[in-house]
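[1] Show me the folded form of this:
(chains A and B)
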Amino acid sequence: MYYLFDGTYLGFLCCVFESFERKEATVVPITSEDHQIDLFKDRRTIVTDNAKALRVQKGVQERIGNAEAMDFYRAFLSEDRKAWQASFFILHQIFTGRTAIRQHYGNDHVLYFSQILKKVSRERHRMKAFIRFSKSSDGLFFALVEPDFNVLPLISDFFRKRYADMPWLIYDMKRKYGLLFDTRQVGEVQLSPEEVQDTTMPSVAIAMDERDELFQRLWKQYYTSTNIEARKNMKLHLQHVPRRYWKYLVEKK
Amino acid sequence: MQRIEEKLKILADAAKYDVSCSSSGSTRKNRDGIGDASASGICHTYTEDGRCVSLLKILLTNHCIYDCAFCVSRKSNDVKRAAFTVEEVVDLTMNFYRRNYIEGLFLSSGIFKNADFTMERMLRIVKKLRQEERYNGYIHLKTIPGASEEMVKEAGLYVDRMSINLELPTEAGLKLVAPEKDHESVRKPLAFVNEQMKSFKEEKKLIKHTPIFVPAGQSTQMVIGATPENDFEIMQVANDFYKNYNLKRVYYSGYIPINNGNSLLPQIGSAPPLVRENRLYQTDWLLRFYGFQLDEILNPQHIHLDLDIDPKLSWALRNPHFFPVDVNAADFNAIIRIPGIGRQSALKIIQARKFGRLHAYQLQKIGIAYNRAKYFLRCADSPFMLGHPSMEYVRIAILNAGNQKSRQQVSAGQLTLF
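    Next up, the predicted model:
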């Protein structure tokens, strides 16, 4: 049975709620964007209801604690359908009393879930590392990214605490939304349709701080000077900095 | 007057032989300013040699009154000299940091005039960053050997990590290439800072607002392959420093020939001993995280690490009586001694086996290096075996089985006959 939901985490939790209410255990959660689905399988549209979602959330927290309950949100951000399926399986186990299921690494779903969590966590860490701010003439530090997973919600706190005295914007080019910090709080922003037109050349649209180019040049200089030619190891280099990230890295552009 | 680009080029180039780029272990929070320390550390990029770039690693100056043969900045070397002003270092650090290029600053220096004069200048940079820029990011400061204790103590209040390099693993080696230096001038400040760290921690238990003192601890570095010390000697020194000075890290740096001036040192063109360096780090990890004692891995009978295989496998082959280990019954400390199983996998195994005896396919999926581990473990579907396989056979089988990066590297250095 397919459960068609709106693609939000609350919607996902509602699928869990409905499957218990309707006693339908073999459920595949999907969104309207999923095309490769079996046309002959039954489907049910799940309407997102915040109250139901919160009941599921609270239920999980009571059974396994807040920290581990967060893992389902992290896994959800992978946008990986197999991970959603694994989450669904584990949540079912937890609600039927098997709260230690997360340690059952011999089980395929559990193992996959832990592996996807690791991947999401790695991507989150990479974003902390690979984000490169440019300074605009009005003092805004902005950065463009295209993370593999939807990890912006997971790095928001980190950047808010660290760069507390300057306004910044981190924009996800793939998912078309960003985080904007105005030195007080972080908010979600979406570019208007006209601005989206411009995203091919965003740096042109924004006037840069006069010293920004200098520091980009100095950073490239430093990057070259700190390399030890006699130890060159491109395989290791690429393992740490895969090519897909180069586009937004000042030193690799 | 040199341009800032040129200074950066010279002083980053001269600082790059310092291996440490760690930015982990500090707990500094952002208090009404900019920056904080990330407990796990963050590598913001990697150079083409595969090394992490976490900190802006520079010398304040490469002018130096010493003439250590292994050092690129030694007095008699004909290189361009440069010196940053205090303001330049602060400006660079802040602007790189705000753009998220770096985790912080790693500041070292050649010694000009004398130790205190140099240390005082470095201290000014650190204080300006903390007090005027309200900067709470990571700072790693090299302690200048011979600087006064008052100055070292003051610096400790502002920085996250301090370090002094041993340079050569033994006193005898050091005397060969740097007659003006000795190990005592390294041990003394390491011991002093260690004592201070302890007393600050004690005080913190009584008085809550005691300032933090070198929260990320101390480290040191040894050059490997410049002088003829063997692996046993090197690891004995490392072990001693870990124990006596509570170091966070000892770094091993394969010597890269930078001049032909000294006939005692490897000449330009000889490859840095990268595999050996890697084996030393593996040994270091086994000692710190895997519960091994040094004499199990290196002792007077085994003074060299095997370059073909890693030290844990090497130990296992010498100790067949320890194996096979039954992963469904053994405790954590025994499982992490199996070659091909690390701490993370061992933890997963311990948890997963509560749900039923583990089979080989499950171990493979969990992510252990099964092709190596299979000779040393038993699981639910291991075939019944009489006696042990010969360890010589196991060694050859593992070496021949696929992915042996080290083997390729080792053989690349050997001459072929035909």
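[2] ok, now which ones touch the residue lying closest to A:Leu140 once chain neighbours are set aside?
    Leaving out its chain neighbours, the residue that sits closest to A:Leu140 by C-beta to C-beta, 6 or more residues apart in numbering or on different chains is A:Pro167, at 5.2 Å. The way it works is simple: take the backbone N, C-alpha and C, and place the C-beta from them, glycine included. Contact analysis of A:Pro167 by C-beta atoms under 8 Å, 6 or more residues apart in numbering or on different chains lists A:Gly139, A:Leu140, A:Phe141, A:Leu180, A:Phe181, A:Asp182, A:Thr183.
[3] quick one: contacts of the helix or strand hosting A:Leu13?
    Assigning secondary structure by DSSP states H and E places A:Leu13 in helix A:9-21. By C-beta under 8 Å, 6+ apart, the surrounding residues in contact with helix A:9-21 are A:3, A:5, A:24-25, A:27, A:29, A:44, A:46-50, A:52-57, A:73, A:76, A:84, A:87-88, A:91-92, A:95.
[4] From chain B, how far off is the residue nearest to A:Leu140?
    Distance of A:Pro167 to chain B, computed by C-beta to the nearest C-beta, to the nearest Å: 11 Å.
[5] so where is chain A shaky, pLDDT-wise?
    A:35, A:192-205 (pLDDT under 70).
[6] hmm, try it at 80
    By pLDDT under 80, the low-scoring segments of chain A are A:35-40, A:191-206.
[7] And the residue of chain B that's closest to chain A?
    Of all residues in chain B, the one sitting closest to chain A is B:Gly50 (3.0 Å; C-beta to the nearest C-beta).
[8] Run a quick neighbour tally on that residue.
    19 (other C-beta atoms under 10 Å in any protein chain shown).
[9] Would you confirm that it contacts A:Asn227?
    No - with contact defined as C-beta atoms under 8 Å, B:Gly50 does not count as touching A:Asn227 (9.9 Å).
[10] what domains does the record give for chain A?
    Here the domain assignment for chain A is A:2-123, A:131-248, based on automatic domain parsing.
[11] End to end on the shortest one, go ahead and measure it.
    Between the opening and closing residues of domain A:131-248 we find a distance of 8 Å, counting by C-alpha to C-alpha, to the nearest Å.
[12] List the residues that contact the residue of the stretch 151-253 of chain A found nearest chain B.
    Closest residue of the stretch 151-253 of chain A to chain B, C-beta to the nearest C-beta: A:Leu236 (3.0 Å). A:Leu236 makes contacts with B:Tyr46, B:Asp49, B:Gly50, as judged by C-beta under 8 Å, 6+ apart.
[13] host element of it?
    Short version, using DSSP H and E: A:Leu236 is in helix A:234-240.
[14] tell me, how many neighbours does A:Leu144 end up with?
    Neighbours of A:Leu144 (other C-beta under 10 Å): 18.
[15] and the nearest residue to A:Ile228 once chain neighbours are set aside, what are its phi and psi?
    Leaving aside its chain neighbours, A:Ile228 sits nearest to B:Asp49 (5.0 Å; criterion: C-beta to C-beta, 6+ apart). Taking degrees, to the nearest 10, you get phi -90, psi 0 for the backbone angles of B:Asp49.
[16] isn't B:Asp49 right next to A:Thr226, touching?
    No - with contact defined as C-beta under 8 Å, B:Asp49 does not reach A:Thr226; the gap is 9.4 Å.
[17] Let me see the contact set for B:Asp381.
    B:His359, B:Ala360.
[18] before we move on, what about B:Asp306?
    With C-beta under 8 Å, 6+ apart, B:Asp306 has these contacts: B:Arg279, B:Ser314.
[19] Repeat that for A:Leu54.
    Counting by C-beta under 8 Å, 6+ apart, A:Leu54 has contacts A:Leu13.
[20] Quickly find the element holding it.
    With DSSP H and E as the test, A:Leu54 turns up in helix A:50-64.
[21] in that helix, what counts as buried?
    A:Lys52, A:Ala53, A:Val56, A:Gln57, A:Gly59, A:Val60, A:Ile64 (16 or more other C-beta atoms under 10 Å in any protein chain shown).
[22] Closest one to chain B out of those residues, please.
    Using C-beta to the nearest C-beta, the buried residues of helix A:50-64 come closest to chain B at A:Ile64, 14.2 Å.
[23] wouldn't that closest one be in contact with A:Gly97 here?
    No - A:Ile64 is beyond contact range of A:Gly97, at 11.9 Å (criterion: C-beta under 8 Å).
[24] picking that back up, make CSV out of the contacts of A:Leu236 and add pLDDT.
    What follows is the contacts of A:Leu236, written out as CSV (pLDDT from 0 to 100):
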residue, pLDDT
B:Tyr46, 96
B:Asp49, 93
B:Gly50, 92
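[25] ok, of those residues, which one's closest to B:Asp308?
    Minimum distance to B:Asp308 across those is 21.4 Å, recorded for B:Gly50 (C-beta to C-beta).
[26] do you know how far the closest residue to the closest one other than its chain neighbours is from B:Asp49?
    Spatial nearest neighbour of B:Gly50, chain neighbours left out: A:Leu236 (3.0 Å); criterion: C-beta to C-beta, 6+ apart. To B:Asp49, A:Leu236 is 8 Å away according to C-beta to C-beta, to the nearest Å.
[27] likewise B:Val394?
    B:Val394 is 34 Å from B:Asp49, by C-beta to C-beta.
[28] How about B:Leu190?
    28 Å.
[29] repeat for B:Thr220
    Taken as C-beta to C-beta, the span from B:Thr220 to B:Asp49 is 22 Å.
[30] How about A:Leu152?
    32 Å.
[31] Looking at these two now, which is surrounded by more residues?
    Neighbours per residue, other C-beta under 10 Å: of A:Leu152 and B:Asp49, the larger number sits with A:Leu152, 22 against 18.
[32] Skip the chain neighbours and tell me the closest residue to B:Leu317.
    B:Met391 (4.6 Å).
[33] my bad, B:Ser109
    B:Leu60 (3.8 Å).
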